[in-house]
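Participant: Make a model of this:
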Amino acid sequence: MADDRLAMVQGLLNNWTELDRDWLQLDRQLHEMNYRLVVEQEHQPVYSSLNQFQDALYQRTSDAASWPEDGTLTIQNEGTLMVGRRSGEYTIVAMPLPQMPEMFGRQRMRSEATMISLLVSGVTAIGIIVLLSLLFSRQQIKQIMRPINALTDAAKRVEEGDLSTPVDYKGQDEFSSVCAAFDHMQKHLLQEREKNAAYEQARTDLVAGISHDLRTPLTSVKGYIKGLRDGVANTPEKQSQYLDIAYRKSCDMDRLLQRLFYFSKLETGNLPLFLVPADLGNFVQRFADEAREELEHSGGQVVLQQVPVRRPVQLDEEQMYRVLTNLKENALGYAGVQPLVLTLTLWRQGEWECLRFADNGQGVPEEQLTHLFEQFWRGDQSRSSRGGEGSGLGLYIVKYIVEAHGGTIRAKNDHGLVFEIALPRREGGGAESDTVI
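Facilitator: Residues are numbered from 1 along each chain as shown. Okay, here's the model as predicted:
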């Protein structure tokens, strides 16, 4: 069909004479065959219905073309036909409308259209990739910022003193372990704060307790001294009695102050231990002999049960004597029985030398056993009149010194309150060891 139109165009141009100058008529006839017309006279355009693309092709080709006067010349250039001839001083050329894609408002060559299509497709693909990357990055940043914002909010709450609200993040990713660690830290800080608050409250109670413990014997000392000064004790017997009572009360105050002095050393870590080789059996025997003399005045007694064998340990005898003295004073203050009987039992268990310190008193409630060695703890016991037993420091000092020797101590009820101390067995007698705790 294209060849038929070409033959018709060639025939139309061949039959066109120089005298026929109705170019519009010729153009109409060509237009019916889907062709366009350009006419030049001495290389100057006379008539043209070419579009921009056709005109550009014609300008690049016409200068090199030799159009014949007899017959027509058909030229194919860049996929477009040109059919032309010379008619006198006129050059008549017909060009079919090119079958080329139209892009951005004009027709373009297929190669150019392909390049433009590839370029547009590439730019579009890059744009889509960039857009998707931005959306993905935004989503990722949002995901990352969720736990960070949750941790930031939690840090602000901690700064404001709120340690009970957990981090508001439920994700299952790398940040979950960080948030869990933060929650653990909060719980630890909360426990420490509660512990410190309880500790400070205990200190406050201790100050109040000390004031009470010191006030009672001090008032007694002042009263008996005033009685001596005012002549109330007007006989040598009364004067001796008043002096004895005042002395005992002053000893009570000294005992309390000594205990506070020890507590101060424990708190600052400056309690010295001078460990030397010793026989635990001989050491306990000496203590039992001294305690027996003291208790016999009130009808009490001390019973020592042991097999006479060597019990080698490392002791600071002064500090361990304080341990046994505090246990004795605890029994005197809280056993609640007359006469008081203290039973000391020694035995060996593996690599440990063990001491059982038991009284025949009423014991303590089971739920209080785990608190006996806490500092400042007094349970529900009423304050002792022995001056200082209610400070809650005696058994705390006991536990501290025993553990500083590398030993252990525990309490239980067994027809009275029982303390069991275990010290590591140390064979051989080395040089004196000075240890500062």
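Participant: Which residue would you name as the spatial centre of this structure?
Facilitator: For the chain, the residue nearest the mean C-alpha position is residue 182 (2.7 Å; CA atoms, centre = their mean).
Participant: which ones are touching it?
Facilitator: Listed by CB atoms under 8 Å, 6 or more residues apart in numbering, the contact set of residue 182 reads 151, 154, 167. Every residue, glycine included, has its C-beta placed from N, CA and C.
Participant: Please repeat the previous calculation with a cut-off of 6 Å.
Facilitator: When contacts are counted by CB atoms under 6 Å, 6 or more residues apart in numbering, residue 182 touches residue 167.
Participant: Next: the one 4 residues further on.
Facilitator: Taking CB under 6 Å, 6+ apart as the contact definition, residue 186 lies against residue 163.
Participant: What score does the residue nearest to the centre of the chain have for pLDDT?
Facilitator: pLDDT for residue 182: 83.
Participant: now it, what's its secondary structure?
Facilitator: Using DSSP: H, G, I helix; E, B strand; the rest coil, the structure places residue 182 in helix.
Participant: Let me know the distance separating it from residue 193.
Facilitator: For residue 182, the distance to residue 193 equals 16 Å [CB to CB, to the nearest Å].
Participant: likewise residue 41?
Facilitator: Counting by CB to CB, the separation of residue 41 from residue 193 is 107 Å.
Participant: Equivalent analysis for residue 219, please.
Facilitator: To residue 193, residue 219 is 39 Å away according to CB to CB.
Participant: Equivalent analysis for residue 307, please.
Facilitator: Note on residue 307: its distance to residue 193, by CB to CB, is 51 Å.
Participant: Between the two, tell me which one has more neighbours.
Facilitator: Remark: of residue 307 and residue 193, residue 193 carries more neighbours, 12 against 9, as counted by other CB atoms under 10 Å.
Participant: Excluding chain neighbours, what is closest to that one?
Facilitator: Spatial nearest neighbour of residue 193, excluding adjacent residues (CB to CB, 6 or more residues apart in numbering): residue 163 at 6.6 Å.
Participant: quick one: that neighbour and residue 188 touch, right?
Facilitator: No. Residue 163 lies out of contact with residue 188 (CB atoms under 6 Å); the separation is 9.2 Å.
Participant: Between these two, point out the one with more neighbours.
Facilitator: More neighbours surround residue 163 than the other of residue 163 and residue 188, with 18 against 11 (other CB under 10 Å).
Participant: how about that one, phi and psi?
Facilitator: Backbone geometry at residue 163, expressed as degrees, to the nearest 10, gives phi -110, psi 0.
Participant: Offset the numbering so it begins at 58, please.
Facilitator: Happy to do that; since the first residue is 58 now, the last one works out to residue 220.
Participant: and it, what does it touch?
Facilitator: The contact partners of residue 220, by CB under 6 Å, 6+ apart, come to 243, 246-247.
Participant: where along the stretch 58-207 of the chain do the strands fall?
Facilitator: 92-98, 101-105, 130-134, 137-144, 147-153, 159-160, 163-164 (DSSP state E, counting those that start in this stretch).
Participant: Which among those strands is found nearest to residue 356?
Facilitator: Proximity to residue 356 (CB to CB) singles out strand 159-160 among the strands of the stretch 58-207 of the chain, at 121.9 Å.
Participant: tell me the mean pLDDT over the closest one?
Facilitator: On average, the pLDDT along strand 159-160 is 64.
Participant: what do you get for stretch 97-111?
Facilitator: On average, stretch 97-111 scores 86.
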